[in-house]
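Participant: Following is a predicted model, sequence given first.
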Amino acid sequence: MPRLALYTLAVCVLAIAAAVVSFARGSWLGIVWILIAGISSNMAWYYLRKARADRADRAADRESTSAEG
């Protein structure tokens with residue numbers, strides 16, 4: 001798993017925990033934490049898909065290079 005995806009996943013988990021604590025204390029600030037969790041989870045998915053696509057491109061390049069030679 002790419003490092004940036006792990007970092008954004010950790011931010012997502014921490015933001016969800018902060019939202020739960022915030023709502024448990026009766027604060028509406030939890031809404032901001034939910035929004036941060038949503039953004040960070042989208043970033044994690046983006047970095048995972050990007051890494052997968054890069055890996056597939058490298059494999060296709062290796063395959064086409066070996067087929068030419």
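Facilitator: Sure thing, it's come through.
Participant: residues near Gly26, how many?
Facilitator: Gly26 has 7 neighbouring residues, counting by other CB atoms under 10 Å. C-beta coordinates here come from the backbone N, C-alpha and C atoms, glycine included.
Participant: ok, now Asp61?
Facilitator: Using other CB under 10 Å, Asp61 has 10 other residues around it.
Participant: For Lys50, see how far away it is.
Facilitator: 16 Å (CB to CB, to the nearest Å).
Participant: residues touching the nearest residue to Ala19 once chain neighbours are set aside, list them.
Facilitator: In space, and not counting its chain neighbours, Ala19 is closest to Trp33: 3.6 Å by CB to CB, 6 or more residues apart in numbering. Shown in contact with Trp33 (CB atoms under 8 Å, 6 or more residues apart in numbering): 15-16, 18-19, 22.
Participant: what's the helix or strand for Ser41?
Facilitator: Element membership of Ser41 [criterion: DSSP states H and E] is helix 30-68.
Participant: residue contacts, the residue most central in space within the chain?
Facilitator: Among the residues of the chain, Ala44 comes closest to the average C-alpha position under CA atoms, centre = their mean, at 0.5 Å. Contact analysis of Ala44 by CB under 8 Å, 6+ apart lists 5, 8-9, 12.
Participant: what pLDDT does it get?
Facilitator: For Ala44, the model assigns a pLDDT of 96.
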